[in-house]
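In: Pasting a predicted model and its sequence here:
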Amino acid sequence: MRNIALEISYDGTGYSGWQIQKNAVTVQGVLQSAVSGIVKHPVTLLGSGRTDRGVHAIGQVASFRTESRMTPEEFKRAINASVPQDIRVNRSIEVPDKFHPRYSARKRWYRYIISTHENPVPFFRHYCYNITHRLDIGLLNEYAARLVGSHDFRNLACIEEDEQPVREVSQCGFSTKGEFVVLDITANGFLRKMVRTIVGTFLALEKKRKPPGEVNEILRSDMRSSFVQTSYAGGLYLLKVFY
């Protein structure tokens, strides 16, 4: 049985997230159905992680097992011909049997895009979060610096029962790109809505000119702060998974 890995990009606007759900159209569901049809047998498509409704990906990674003798390039072409144009396989490779897109990953890189255009561009509405006031990038980066290292993120995410809330962040910082402000964050793993909650909370803190130490208080507190908010899904992108 061969193990085939796919690197996938998708526009998450029209999907109920990555993970297969009953009575909902998801990216995983569309791809799994397409691959099963191509190889002529049922497959289970494993992903590197979930993305929520409306979240996009540049470098999601998934894998499936098959006895088909198609080449990786043939898989790529066949899948792209079988799925909607808002899903694309960037590349396909054969990987060792022990490879798992989630458990073999060392870290993941997410990007969140904020528009600061005073007149929101309608074409961007599904792909960034619009804020009409100028942001203090220096203060936002002081907040971001407080997240680097290992922390308990239960107050900045949605965690499931018995889920381990500690994650190690290796990079977290804001930068400006024209009229856009971008957060890049890399960690060994992410909790549900973690990046969006970090962004929403930092924007709430920045608006009130709160000192950077407030981030440490939020992380340590036994109660969720009133500053903790979750930002718009369409601004978030899974950029890359590292192995």
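Out: The structure has been received and is ready for your questions.
In: okay, now the domains of the protein?
Out: 2-95, 107-242 (automatic domain parsing).
In: okay if I get those domains as CSV plus mean pLDDT, distance to Pro101 and mean neighbour count?
Out: Using the backbone N, CA and C atoms, a C-beta is placed for each residue, glycine as well. Shown next, in CSV, are the domains of the chain (pLDDT from 0 to 100; distance: least, Cβ to Cβ, whole Å; neighbours: other Cβ atoms under 10 Å):
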stretch, mean pLDDT, distance to Pro101, mean neighbour count
domain 2-95, 97, 4, 18
domain 107-242, 95, 7, 17
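In: What ranges does this protein have for its helices?
Out: 27-39, 72-82, 137-145, 194-207, 213-220 (DSSP state H).
In: Looking at the ones you listed, spot the one closest to Lys177.
Out: Smallest distance to Lys177 across those (Cβ to Cβ): 11.3 Å, for helix 137-145.
In: Packing partners of the closest one?
Out: strand 166-177, strand 180-187, helix 194-207 (3 or more Cβ pairs under 8 Å, 6 or more residues apart in numbering; DSSP states H and E).
In: could I have stretch 135-150 exported to PDB, CA atoms only?
Out: Provided in PDB are the C-alpha atoms of stretch 135-150 (Å, rounded to 0.1, in the frame of the first residue of the first chain):
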ATOM      1  CA  LEU A 135      -2.700  50.400  14.300                       C
ATOM      2  CA  ASP A 136       0.300  50.800  16.600                       C
ATOM      3  CA  ILE A 137       2.600  48.100  15.200                       C
ATOM      4  CA  GLY A 138       5.200  48.700  17.900                       C
ATOM      5  CA  LEU A 139       2.700  48.000  20.600                       C
ATOM      6  CA  LEU A 140       1.200  45.000  18.800                       C
ATOM      7  CA  ASN A 141       4.700  43.500  18.500                       C
ATOM      8  CA  GLU A 142       5.300  44.000  22.200                       C
ATOM      9  CA  TYR A 143       2.200  42.000  22.800                       C
ATOM     10  CA  ALA A 144       3.400  39.400  20.300                       C
ATOM     11  CA  ALA A 145       6.700  39.000  22.000                       C
ATOM     12  CA  ARG A 146       5.000  37.900  25.200                       C
ATOM     13  CA  LEU A 147       3.700  34.700  23.400                       C
ATOM     14  CA  VAL A 148       7.100  33.400  22.300                       C
ATOM     15  CA  GLY A 149       8.000  30.300  24.200                       C
ATOM     16  CA  SER A 150       5.800  27.600  25.900                       C
END
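In: Fine by me, we can end here.
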